[in-house]
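Trainee: Just the structure for this:
(one chain, ligands or ions: 1)
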Amino acid sequence: MNFLYDVWDDFLSLLFPRLCYACGNHLMRNEKLICTECYILIPRTNYHLDENNPVAQLFWGRCKIEKAAAFSFYNRASRIRSLIHNLKYKGIRDIGFELGRIYGTALFNSGFISGIDLIIPVPLHKSKLRQRGFNQSDLISDGLSEATGLPVTKEVLERRHVSDTQTRRSRYERWVNVKDIFNITQPSVIEGKHVLLVDDVITTGSTIEACVNELLKAEGVRVSVVALAAAVM
Ligand SMILES: [Zn+2]
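Mentor: Below is the predicted model of the structure:
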């Protein structure tokens, strides 16, 4: 029976090939979403092992952050970019959870998350959420939660405005654009807690900065930050 099943499986994969979402090569029977080569070759920043890493430095003098890190490097040719693209724009939700789980395991094993109480995803605006059907940061957070055991709290922070596409804006313009877009709805939930804020990609850091400043309105709160990828080196 197993043999017949395998033949049937191979036949199906000829008709409906399962491809790696990072490189486009065919997946082997035991591979899911990402091929083994990509899993190994996705360049890890290992920023979680260095408290003065470039992502942490990005926020120096801008907002008070305990620790900051990113899983991989974001650039035009990077495998993580293809993965995030497939997650956000092709709606392959499992990618978010899987990458969150992989990164969460590294964060857990290194002790990076020790002392952290809960995870908060960077929220999407309601209209964007309706349009996309999901928040990629929620999915990443769920994967991080699976690997670390930390709870995810999605109701503490809300996005009040839709920010338009930011690619052509200067850092100052982006900062003005995002400064007031977040709102803390239930500060009491995070009072005295150490929060891990989660985003998909960190570029200028202005979105994170706006979130952190809003979260810090809760008394005694401390904030750390992680993302799947960072465009800073
Ligand atoms: Zn691949």
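
Trainee: how about the helices in the protein?
Mentor: 2-15, 36-41, 54-58, 79-89, 93-110, 126-132, 136-148, 171-178, 187-190, 206-215 (DSSP state H).

Trainee: neighbouring contacts of the longest one?
Mentor: What it means is helix 93-110. Residues from elsewhere that reach helix 93-110 (CB atoms under 8 Å, 6 or more residues apart in numbering): 21, 32-34, 39, 44, 48-49, 69, 71, 80, 83-84, 86-87, 112-113, 134, 136, 138-149, 198, 200, 226, 228. All C-beta atoms are positioned from the backbone trio N, CA, C, and that covers glycine.

Trainee: Quick check on those residues: which are buried?
Mentor: 21, 33-34, 39, 48, 69, 71, 80, 83-84, 86-87, 112-113, 136, 138-148, 198, 200, 226, 228 (16 or more other CB atoms under 10 Å).

Trainee: circling back to that earlier point, take the helices of the chain and write them to CSV, including mean pLDDT and distance to residue 158.
Mentor: Shown next, in CSV, are the helices of the chain (pLDDT from 0 to 100; distance: least, CB to CB, whole Å):
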stretch, mean pLDDT, distance to residue 158
helix 2-15, 76, 43
helix 36-41, 95, 35
helix 54-58, 96, 24
helix 79-89, 95, 20
helix 93-110, 97, 20
helix 126-132, 93, 8
helix 136-148, 98, 13
helix 171-178, 64, 14
helix 187-190, 96, 12
helix 206-215, 94, 9
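
Trainee: Quick one: closest of the ones you listed to residue 27.
Mentor: With distances scored as CB to CB, the stretch of the helices of the chain nearest to residue 27 is helix 2-15 (8.3 Å).

Trainee: Tell me which residues are up against the closest one.
Mentor: 26, 29.

Trainee: Thought residue 156 was touching residue 186, still the case?
Mentor: Yes: look at residue 186 against residue 156 with CB atoms under 8 Å: they come within range, at 5.2 Å.

Trainee: per-residue pLDDT, the residue positioned nearest the centre of the chain?
Mentor: Centroid check for the chain by CA atoms, centre = their mean gives residue 200 as the closest residue, at 3.2 Å. If you check residue 200, the pLDDT there is 97.

Trainee: Let me see the contact set for it.
Mentor: Counted by CB under 8 Å, 6+ apart, residue 200 has contacts 84, 87-88, 96, 136-137, 140, 227-229.

Trainee: Dump these into JSON lines; add distance to the ion as well.
Mentor: Shown next, in JSON lines, are these (distance: CB to the ion, whole Å):
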{"residue": "84", "distance to the ion": "14"}
{"residue": "87", "distance to the ion": "15"}
{"residue": "88", "distance to the ion": "18"}
{"residue": "96", "distance to the ion": "17"}
{"residue": "136", "distance to the ion": "20"}
{"residue": "137", "distance to the ion": "24"}
{"residue": "140", "distance to the ion": "19"}
{"residue": "227", "distance to the ion": "21"}
{"residue": "228", "distance to the ion": "16"}
{"residue": "229", "distance to the ion": "16"}
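
Trainee: Cool, thanks, signing off.
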